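Visitor: kindly return the folded structure for what I paste below:
(4 chains)
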Protein chains: 2
Amino acid sequence: MSSREDGLDSIDRRILEVLQKDGRISNAELADKVHLSASACHRRVQRLEKDKFIKGYVALVDPRKINRKTTVFVEITLSGQADEILSGFEKAVSLIPDVLECHLMAGSADYLLKVVAEDAEDFARIHRRHLAGLPGVQTLQSSFSLKQVRQTTALPV
Amino acid sequence: MSSREDGLDSIDRRILEVLQKDGRISNAELADKVHLSASACHRRVQRLEKDKFIKGYVALVDPRKINRKTTVFVEITLSGQADEILSGFEKAVSLIPDVLECHLMAGSADYLLKVVAEDAEDFARIHRRHLAGLPGVQTLQSSFSLKQVRQTTALPV
DNA sequence: TTATTATTCGAATAATCTTCGAAAACTTAT
DNA sequence: ATAAGTTTTCGAAGATTATTCGAATAATAA
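Guide: Numbering: from 1, shown residues only, chains lettered A, B, ... in the order given. Okay, here's the model as predicted:
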(Lines give C-alpha, C1' and ligand atoms only; values in the text may rest on other atoms or scores of the structure.)
Protein backbone atom coordinates (compact mmCIF):
# COMPACT_ATOMS: atom_id res chain seq x y z
CA MET A 1 0.00 0.00 0.00
CA SER A 2 1.12 3.58 -0.54
CA SER A 3 2.40 5.98 2.06
CA ARG A 4 0.69 9.00 0.49
CA GLU A 5 -3.08 9.16 0.27
CA ASP A 6 -3.41 8.88 -3.44
CA GLY A 7 -3.89 5.15 -3.87
CA LEU A 8 -0.71 4.63 -5.84
CA ASP A 9 1.92 2.09 -5.01
CA SER A 10 5.58 2.21 -5.97
CA ILE A 11 5.00 0.43 -9.27
CA ASP A 12 2.33 2.96 -10.26
CA ARG A 13 4.75 5.76 -9.44
CA ARG A 14 7.46 4.18 -11.50
CA ILE A 15 5.03 3.84 -14.42
CA LEU A 16 4.12 7.52 -14.17
CA GLU A 17 7.77 8.44 -13.94
CA VAL A 18 8.56 6.59 -17.15
CA LEU A 19 5.49 7.78 -19.05
CA GLN A 20 6.20 11.38 -18.10
CA LYS A 21 9.50 11.04 -19.90
CA ASP A 22 8.36 8.91 -22.81
CA GLY A 23 4.65 8.87 -23.46
CA ARG A 24 5.04 6.60 -26.45
CA ILE A 25 7.10 3.85 -24.93
CA SER A 26 5.67 0.48 -25.91
CA ASN A 27 3.75 -1.34 -23.25
CA ALA A 28 6.16 -4.26 -23.47
CA GLU A 29 9.18 -2.06 -22.79
CA LEU A 30 7.38 -0.24 -20.00
CA ALA A 31 6.50 -3.59 -18.47
CA ASP A 32 10.17 -4.54 -18.54
CA LYS A 33 11.21 -1.35 -16.79
CA VAL A 34 8.77 -1.85 -13.94
CA HIS A 35 9.30 -5.59 -13.75
CA LEU A 36 5.80 -6.67 -14.65
CA SER A 37 4.28 -8.74 -17.40
CA ALA A 38 2.88 -6.82 -20.35
CA SER A 39 -0.70 -7.53 -19.40
CA ALA A 40 -0.36 -6.57 -15.76
CA CYS A 41 1.41 -3.39 -16.76
CA HIS A 42 -1.21 -2.61 -19.35
CA ARG A 43 -3.98 -3.01 -16.81
CA ARG A 44 -2.27 -0.55 -14.45
CA VAL A 45 -1.80 2.02 -17.19
CA GLN A 46 -5.46 1.67 -18.10
CA ARG A 47 -6.39 2.30 -14.48
CA LEU A 48 -4.14 5.34 -14.27
CA GLU A 49 -5.85 6.69 -17.37
CA LYS A 50 -9.38 5.87 -16.25
CA ASP A 51 -8.84 7.42 -12.83
CA LYS A 52 -7.35 10.51 -14.49
CA PHE A 53 -3.95 10.36 -12.89
CA ILE A 54 -2.85 10.68 -16.50
CA LYS A 55 -4.57 13.70 -18.03
CA GLY A 56 -3.45 12.78 -21.52
CA TYR A 57 -0.57 12.28 -23.87
CA VAL A 58 0.94 15.06 -25.95
CA ALA A 59 3.73 15.70 -28.39
CA LEU A 60 6.11 18.44 -27.29
CA VAL A 61 7.08 20.76 -30.11
CA ASP A 62 10.38 22.64 -30.05
CA PRO A 63 9.49 26.33 -29.95
CA ARG A 64 12.76 27.37 -31.60
CA LYS A 65 12.12 25.18 -34.63
CA ILE A 66 8.77 26.83 -35.32
CA ASN A 67 9.94 30.34 -34.61
CA ARG A 68 8.59 30.93 -31.13
CA LYS A 69 11.85 31.99 -29.56
CA THR A 70 10.49 34.51 -27.12
CA THR A 71 8.89 33.74 -23.77
CA VAL A 72 7.40 36.58 -21.78
CA PHE A 73 5.84 36.59 -18.33
CA VAL A 74 3.12 39.19 -17.97
CA GLU A 75 1.78 40.42 -14.65
CA ILE A 76 -1.68 41.86 -14.87
CA THR A 77 -3.63 43.84 -12.32
CA LEU A 78 -7.35 44.21 -12.81
CA SER A 79 -9.38 47.28 -12.09
CA GLY A 80 -11.48 45.45 -9.51
CA GLN A 81 -12.04 42.06 -8.01
CA ALA A 82 -15.71 41.59 -8.59
CA ASP A 83 -16.50 38.07 -9.63
CA GLU A 84 -17.77 39.06 -13.07
CA ILE A 85 -14.57 40.97 -13.78
CA LEU A 86 -12.40 38.02 -12.84
CA SER A 87 -14.39 35.40 -14.70
CA GLY A 88 -14.75 37.63 -17.73
CA PHE A 89 -11.02 38.09 -17.79
CA GLU A 90 -10.34 34.39 -17.30
CA LYS A 91 -12.67 33.36 -20.05
CA ALA A 92 -11.14 35.81 -22.49
CA VAL A 93 -7.54 35.01 -21.65
CA SER A 94 -8.14 31.29 -22.17
CA LEU A 95 -8.96 31.92 -25.82
CA ILE A 96 -5.56 33.42 -26.67
CA PRO A 97 -3.40 30.68 -28.16
CA ASP A 98 -0.17 32.57 -27.43
CA VAL A 99 -0.94 32.40 -23.71
CA LEU A 100 0.28 29.02 -22.49
CA GLU A 101 -0.39 29.58 -18.82
CA CYS A 102 -2.47 31.88 -16.68
CA HIS A 103 -2.43 31.88 -12.90
CA LEU A 104 -4.49 33.81 -10.42
CA MET A 105 -1.90 34.91 -7.89
CA ALA A 106 -2.10 35.43 -4.16
CA GLY A 107 -1.57 38.88 -2.67
CA SER A 108 -3.27 41.40 -4.87
CA ALA A 109 -5.76 40.34 -7.50
CA ASP A 110 -3.00 39.75 -9.97
CA TYR A 111 -2.67 37.35 -12.80
CA LEU A 112 0.56 35.93 -14.10
CA LEU A 113 0.65 34.89 -17.75
CA LYS A 114 3.22 32.94 -19.67
CA VAL A 115 3.20 34.03 -23.29
CA VAL A 116 5.14 32.73 -26.28
CA ALA A 117 5.92 34.97 -29.23
CA GLU A 118 8.10 34.82 -32.32
CA ASP A 119 10.20 37.78 -31.18
CA ALA A 120 9.89 41.05 -29.31
CA GLU A 121 8.04 42.66 -32.18
CA ASP A 122 5.58 39.83 -32.35
CA PHE A 123 5.06 40.15 -28.62
CA ALA A 124 4.24 43.81 -29.12
CA ARG A 125 1.51 42.71 -31.51
CA ILE A 126 0.14 40.19 -29.00
CA HIS A 127 0.33 42.80 -26.28
CA ARG A 128 -1.62 45.32 -28.31
CA ARG A 129 -4.07 43.04 -30.04
CA HIS A 130 -4.86 40.55 -27.30
CA LEU A 131 -3.59 41.45 -23.85
CA ALA A 132 -4.22 45.17 -23.51
CA GLY A 133 -7.80 44.68 -24.60
CA LEU A 134 -8.67 42.01 -22.07
CA PRO A 135 -11.71 42.95 -19.98
CA GLY A 136 -10.95 44.65 -16.66
CA VAL A 137 -7.22 45.13 -17.23
CA GLN A 138 -5.65 48.01 -15.34
CA THR A 139 -1.91 47.52 -15.69
CA LEU A 140 0.41 45.18 -17.58
CA GLN A 141 4.00 44.45 -16.72
CA SER A 142 6.03 42.29 -19.05
CA SER A 143 9.26 40.46 -18.24
CA PHE A 144 11.26 38.75 -20.95
CA SER A 145 12.96 35.44 -20.56
CA LEU A 146 16.48 35.50 -21.98
CA LYS A 147 17.12 31.82 -21.64
CA GLN A 148 15.19 28.73 -20.66
CA VAL A 149 17.51 27.09 -18.14
CA ARG A 150 15.16 24.25 -17.29
CA GLN A 151 11.85 23.10 -18.73
CA THR A 152 10.03 19.93 -17.86
CA THR A 153 6.48 18.67 -17.67
CA ALA A 154 7.42 15.79 -15.39
CA LEU A 155 6.09 16.12 -11.86
CA PRO A 156 7.98 14.37 -9.09
CA VAL A 157 5.92 11.32 -8.16
CA MET B 1 5.48 25.65 -49.67
CA SER B 2 5.33 27.40 -46.35
CA SER B 3 5.04 31.10 -45.68
CA ARG B 4 7.27 30.99 -42.60
CA GLU B 5 10.90 29.98 -42.86
CA ASP B 6 10.68 26.70 -41.02
CA GLY B 7 10.18 24.28 -43.89
CA LEU B 8 6.73 23.19 -42.78
CA ASP B 9 3.67 23.19 -44.97
CA SER B 10 0.09 23.40 -43.85
CA ILE B 11 -0.24 19.63 -43.53
CA ASP B 12 2.82 19.48 -41.26
CA ARG B 13 1.30 22.19 -39.11
CA ARG B 14 -1.98 20.37 -38.90
CA ILE B 15 -0.12 17.22 -37.86
CA LEU B 16 1.70 19.12 -35.10
CA GLU B 17 -1.55 20.69 -34.01
CA VAL B 18 -3.19 17.31 -33.61
CA LEU B 19 -0.21 15.62 -31.98
CA GLN B 20 0.13 18.44 -29.47
CA LYS B 21 -3.39 17.63 -28.31
CA ASP B 22 -3.22 13.86 -28.57
CA GLY B 23 0.25 12.38 -28.73
CA ARG B 24 -1.09 8.85 -28.82
CA ILE B 25 -3.51 9.14 -31.69
CA SER B 26 -3.09 6.24 -34.08
CA ASN B 27 -1.34 6.96 -37.33
CA ALA B 28 -4.44 5.87 -39.26
CA GLU B 29 -6.68 8.33 -37.44
CA LEU B 30 -4.13 11.10 -37.75
CA ALA B 31 -3.91 10.38 -41.48
CA ASP B 32 -7.68 10.74 -41.72
CA LYS B 33 -7.65 14.09 -39.96
CA VAL B 34 -5.04 15.55 -42.27
CA HIS B 35 -6.46 13.87 -45.38
CA LEU B 36 -3.48 11.72 -46.21
CA SER B 37 -2.89 8.02 -46.59
CA ALA B 38 -1.46 6.25 -43.57
CA SER B 39 1.93 5.78 -45.16
CA ALA B 40 2.32 9.36 -46.34
CA CYS B 41 1.26 10.62 -42.94
CA HIS B 42 3.62 8.26 -41.21
CA ARG B 43 6.52 9.44 -43.29
CA ARG B 44 5.80 13.06 -42.39
CA VAL B 45 5.62 12.31 -38.69
CA GLN B 46 8.92 10.48 -38.93
CA ARG B 47 10.46 13.52 -40.57
CA LEU B 48 9.06 15.85 -37.92
CA GLU B 49 10.62 13.60 -35.29
CA LYS B 50 13.94 13.20 -37.05
CA ASP B 51 14.28 16.94 -37.64
CA LYS B 52 13.40 17.56 -33.98
CA PHE B 53 10.31 19.64 -34.57
CA ILE B 54 8.85 17.14 -32.14
CA LYS B 55 11.05 17.05 -29.05
CA GLY B 56 9.27 14.02 -27.68
CA TYR B 57 6.06 12.56 -26.38
CA VAL B 58 5.03 12.67 -22.75
CA ALA B 59 2.19 11.71 -20.48
CA LEU B 60 0.74 14.63 -18.54
CA VAL B 61 0.02 13.79 -14.92
CA ASP B 62 -2.67 15.63 -12.99
CA PRO B 63 -0.87 17.41 -10.14
CA ARG B 64 -3.97 17.42 -7.94
CA LYS B 65 -4.31 13.65 -8.09
CA ILE B 66 -0.78 13.12 -6.82
CA ASN B 67 -0.93 15.81 -4.18
CA ARG B 68 0.99 18.61 -5.86
CA LYS B 69 -1.66 21.26 -5.42
CA THR B 70 0.62 24.23 -4.91
CA THR B 71 2.41 26.15 -7.63
CA VAL B 72 4.84 28.88 -6.62
CA PHE B 73 6.81 31.30 -8.75
CA VAL B 74 10.12 32.26 -7.21
CA GLU B 75 12.16 35.27 -8.23
CA ILE B 76 15.81 34.95 -7.41
CA THR B 77 18.54 37.56 -7.49
CA LEU B 78 22.12 36.40 -7.40
CA SER B 79 24.95 38.04 -5.57
CA GLY B 80 26.86 38.66 -8.78
CA GLN B 81 26.73 38.00 -12.48
CA ALA B 82 30.07 36.36 -13.01
CA ASP B 83 29.78 33.47 -15.41
CA GLU B 84 30.77 30.85 -12.85
CA ILE B 85 28.09 32.07 -10.47
CA LEU B 86 25.41 31.88 -13.13
CA SER B 87 26.38 28.50 -14.49
CA GLY B 88 26.87 27.09 -11.02
CA PHE B 89 23.40 28.23 -10.11
CA GLU B 90 21.89 26.89 -13.31
CA LYS B 91 23.48 23.52 -12.92
CA ALA B 92 22.30 23.19 -9.35
CA VAL B 93 18.76 24.36 -9.99
CA SER B 94 18.34 21.86 -12.82
CA LEU B 95 18.76 19.02 -10.38
CA ILE B 96 15.79 19.96 -8.20
CA PRO B 97 12.81 17.88 -9.33
CA ASP B 98 10.30 20.27 -7.77
CA VAL B 99 11.51 23.03 -10.10
CA LEU B 100 9.64 22.56 -13.37
CA GLU B 101 10.93 25.69 -15.06
CA CYS B 102 13.80 28.09 -14.65
CA HIS B 103 14.27 31.20 -16.76
CA LEU B 104 17.08 33.69 -16.87
CA MET B 105 15.21 36.98 -17.04
CA ALA B 106 16.02 40.25 -18.75
CA GLY B 107 16.62 43.39 -16.73
CA SER B 108 18.54 42.47 -13.64
CA ALA B 109 20.34 39.14 -13.42
CA ASP B 110 17.22 37.51 -12.08
CA TYR B 111 15.89 34.04 -12.40
CA LEU B 112 12.27 33.07 -12.39
CA LEU B 113 11.43 29.58 -11.18
CA LYS B 114 8.21 27.64 -11.34
CA VAL B 115 8.01 25.26 -8.43
CA VAL B 116 5.41 22.63 -7.54
CA ALA B 117 4.82 21.59 -3.96
CA GLU B 118 2.28 19.55 -2.05
CA ASP B 119 1.16 22.53 -0.01
CA ALA B 120 2.56 25.67 1.58
CA GLU B 121 4.32 23.72 4.27
CA ASP B 122 5.94 21.47 1.72
CA PHE B 123 7.04 24.56 -0.19
CA ALA B 124 8.67 25.83 2.97
CA ARG B 125 10.68 22.62 3.05
CA ILE B 126 11.71 23.02 -0.59
CA HIS B 127 12.56 26.65 0.04
CA ARG B 128 14.78 25.79 2.97
CA ARG B 129 16.32 22.59 1.75
CA HIS B 130 16.83 23.33 -1.93
CA LEU B 131 16.31 26.93 -2.96
CA ALA B 132 17.90 28.97 -0.20
CA GLY B 133 21.06 26.93 -0.45
CA LEU B 134 21.57 27.37 -4.17
CA PRO B 135 25.00 28.79 -4.99
CA GLY B 136 25.15 32.56 -5.37
CA VAL B 137 21.63 33.31 -4.16
CA GLN B 138 21.11 36.74 -2.66
CA THR B 139 17.34 37.16 -2.36
CA LEU B 140 14.28 35.00 -2.89
CA GLN B 141 10.76 36.22 -3.48
CA SER B 142 7.96 33.71 -3.67
CA SER B 143 4.51 34.23 -5.20
CA PHE B 144 1.80 31.63 -4.78
CA SER B 145 -0.61 30.66 -7.50
CA LEU B 146 -4.16 30.43 -6.17
CA LYS B 147 -5.68 28.95 -9.28
CA GLN B 148 -4.45 27.65 -12.60
CA VAL B 149 -6.75 29.45 -15.04
CA ARG B 150 -5.10 28.08 -18.16
CA GLN B 151 -2.42 25.48 -18.74
CA THR B 152 -1.37 24.08 -22.08
CA THR B 153 1.72 22.68 -23.71
CA ALA B 154 0.42 23.29 -27.21
CA LEU B 155 2.25 26.00 -29.10
CA PRO B 156 0.38 27.82 -31.85
CA VAL B 157 1.70 26.47 -35.15
C1' DT C 1 8.01 19.35 -73.34
C1' DT C 2 10.94 16.32 -70.88
C1' DA C 3 13.93 14.97 -67.16
C1' DT C 4 14.37 14.94 -62.38
C1' DT C 5 12.93 14.86 -57.84
C1' DA C 6 9.68 14.57 -54.16
C1' DT C 7 5.52 12.84 -52.42
C1' DT C 8 1.84 9.89 -52.55
C1' DC C 9 -0.80 5.53 -52.47
C1' DG C 10 -2.00 0.64 -51.49
C1' DA C 11 -0.65 -3.73 -50.08
C1' DA C 12 2.16 -6.92 -47.30
C1' DT C 13 4.71 -7.81 -43.19
C1' DA C 14 6.20 -6.89 -38.65
C1' DA C 15 5.36 -5.16 -34.25
C1' DT C 16 2.30 -3.97 -30.74
C1' DC C 17 -1.90 -3.72 -28.14
C1' DT C 18 -5.72 -5.78 -25.82
C1' DT C 19 -8.51 -9.28 -23.87
C1' DC C 20 -9.28 -13.55 -21.50
C1' DG C 21 -9.25 -17.45 -18.25
C1' DA C 22 -6.53 -19.55 -14.88
C1' DA C 23 -2.93 -19.31 -11.26
C1' DA C 24 -0.70 -16.86 -7.67
C1' DA C 25 -0.45 -13.46 -4.03
C1' DC C 26 -2.37 -10.83 -0.73
C1' DT C 27 -6.30 -9.47 2.91
C1' DT C 28 -9.57 -10.09 6.16
C1' DA C 29 -12.35 -12.29 9.53
C1' DT C 30 -13.04 -15.99 12.30
C1' DA D 1 -3.42 -20.13 11.74
C1' DT D 2 -6.54 -20.94 8.09
C1' DA D 3 -10.12 -20.45 4.92
C1' DA D 4 -12.88 -17.31 2.03
C1' DG D 5 -12.71 -13.56 -0.64
C1' DT D 6 -10.34 -10.17 -3.23
C1' DT D 7 -6.79 -8.34 -6.06
C1' DT D 8 -3.13 -8.85 -9.05
C1' DT D 9 -0.52 -11.49 -11.86
C1' DC D 10 0.80 -14.33 -15.91
C1' DG D 11 0.83 -16.35 -20.63
C1' DA D 12 -1.44 -17.11 -24.85
C1' DA D 13 -4.58 -15.77 -28.59
C1' DG D 14 -6.77 -12.56 -31.43
C1' DA D 15 -7.29 -7.73 -32.85
C1' DT D 16 -5.23 -3.55 -33.97
C1' DT D 17 -1.57 -0.67 -35.40
C1' DA D 18 2.96 0.57 -37.21
C1' DT D 19 6.27 0.20 -40.77
C1' DT D 20 8.30 -0.87 -45.10
C1' DC D 21 8.27 -1.34 -50.09
C1' DG D 22 7.61 -0.77 -55.04
C1' DA D 23 4.78 1.50 -58.30
C1' DA D 24 2.17 5.60 -59.53
C1' DT D 25 1.27 10.38 -59.24
C1' DA D 26 2.37 15.11 -58.67
C1' DA D 27 5.45 18.88 -58.44
C1' DT D 28 9.75 21.22 -60.04
C1' DA D 29 13.37 22.53 -63.07
C1' DA D 30 15.80 22.44 -67.44
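Visitor: domain ranges for chain A?
Guide: A:10-50, A:70-145 (automatic domain parsing).
Visitor: I'd say residue A:149 and residue B:94 touch.
Guide: Yes - using C-beta atoms under 8 Å, residue A:149 makes contact with residue B:94 at a distance of 6.7 Å. C-beta: built from backbone N, CA, C; applies to glycine.
Visitor: mind checking which of these two has more residues around it?
Guide: residue A:149 (21 against 14; other C-beta atoms under 10 Å in any protein chain shown).
Visitor: now for that one: which residues touch it?
Guide: B:90, B:93-94, B:102-104, B:111 (C-beta atoms under 8 Å, 6 or more residues apart in numbering or on different chains).
Visitor: now the buried members of these.
Guide: B:90, B:93, B:102-104, B:111 (16 or more other C-beta atoms under 10 Å in any protein chain shown).
Visitor: starting at the chain centroid, how far to the helix or strand encompassing residue A:85?
Guide: Assessed by DSSP states H and E, residue A:85 sits inside helix A:83-93. Using C-alpha atoms, centre = their mean, to the nearest Å, the distance from the centre of helix A:83-93 to the centre of the chain it belongs to is 20 Å.
Visitor: over to stretch A:73-81?
Guide: 20 Å.
Visitor: ranges for the strands of chain A?
Guide: A:54-61, A:70-78, A:99-105, A:110-117, A:137-151 (DSSP state E).
Visitor: out of the ones you listed, flag the one nearest residue B:20.
Guide: Nearest to residue B:20, of all the strands of chain A, is strand A:54-61, at 5.5 Å by C-beta to C-beta.
Visitor: what's the burial count for residue A:96?
Guide: 18.
Visitor: now do the nearest residue to residue A:137 once chain neighbours are set aside against chain B, distance only.
Guide: The shortest distance from residue A:137 to any non-neighbouring residue, by C-beta to C-beta, 6 or more residues apart in numbering or on different chains, is to residue A:76 (5.9 Å). Using C-beta to the nearest C-beta, to the nearest Å, residue A:76 is found at 11 Å from chain B.
Visitor: mind listing what residue A:76 touches?
Guide: So residue A:76 contacts A:89, A:110-113, A:131, A:134, A:137, A:139-141 (C-beta under 8 Å, 6+ apart).
Visitor: can we see that at 10 Å?
Guide: Shown in contact with residue A:76 (C-beta atoms under 10 Å, 6 or more residues apart in numbering or on different chains): A:89, A:93, A:102, A:105, A:109-113, A:131-132, A:134, A:136-142.
Visitor: over to residue A:151?
Guide: A:60, A:63, A:71, B:55, B:94, B:100-103, B:114.
Visitor: swap in residue A:32?
Guide: A:25-26, A:38, A:41 are the contacts of residue A:32 under C-beta under 10 Å, 6+ apart.
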